[in-house]
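Enquirer: below is the structure, and that's it, no one-letter string:
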């Protein structure tokens, strides 16, 4: 049974930082591309960042480019999202997801097979 468990969310002031973690279990993590998505209240889910199975390739949404960094540790079955210079508009539930067919970084949510339950990030102004 595949499980993705996010952690690291919380309340932070604008300009602050948070690091999200997502631990994968139940499959070969090092074969999967991983992604982070978010959903704010009343809005559709949107892509944030993705990383290929090897960590070589990453893609970011324009809204977070230069502020967020995605990384992975295949020995720990964990993907991270370092979020710096946070803004109130970053407030959302953040989800990690696993792309298991090709291991290629992708921003398309329909290419992800497994999803975590999400972790809340709230940025106060």
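Expert: Structure received. Worth saying up front: this structure is predicted, and the values here are computed from it rather than measured. Numbering: from 1, shown residues only.
Enquirer: can you tell me the closest non-neighbouring residue to the most centrally placed residue in the chain?
Expert: Nearest to the geometric centre of the chain sits residue 36, at 2.3 Å (Cα atoms, centre = their mean). Residue nearest to residue 36 in three dimensions, not counting chain neighbours: residue 48, with 4.3 Å by Cβ to Cβ, 6 or more residues apart in numbering. Any C-beta I mention is one placed from the backbone N, CA and C, and that applies to glycine too.
Enquirer: confirm that neighbour sits in a strand?
Expert: Yes: if the criterion is DSSP: H, G, I helix; E, B strand; the rest coil, then residue 48 is within a strand.
Enquirer: still on that earlier bit, contacts only, for the residue nearest to the centre of the chain.
Expert: 20, 22, 48-50, 70, 79, 81, 94-97 (Cβ atoms under 8 Å, 6 or more residues apart in numbering).
Enquirer: any of the residues you listed buried? List them.
Expert: Taking 16 or more other Cβ atoms under 10 Å as the criterion, what is buried in the contacts of residue 36 is 20, 22, 48-50, 70, 79, 81, 94-97.
Enquirer: just the ones in helices from the residues you listed, please.
Expert: Members of those lying in helices (criterion: DSSP state H): none.
Enquirer: which ones among those residues map onto strands?
Expert: Within these, residues falling in strands by DSSP state E are 20, 22, 48-50, 70, 79, 81, 94-97.
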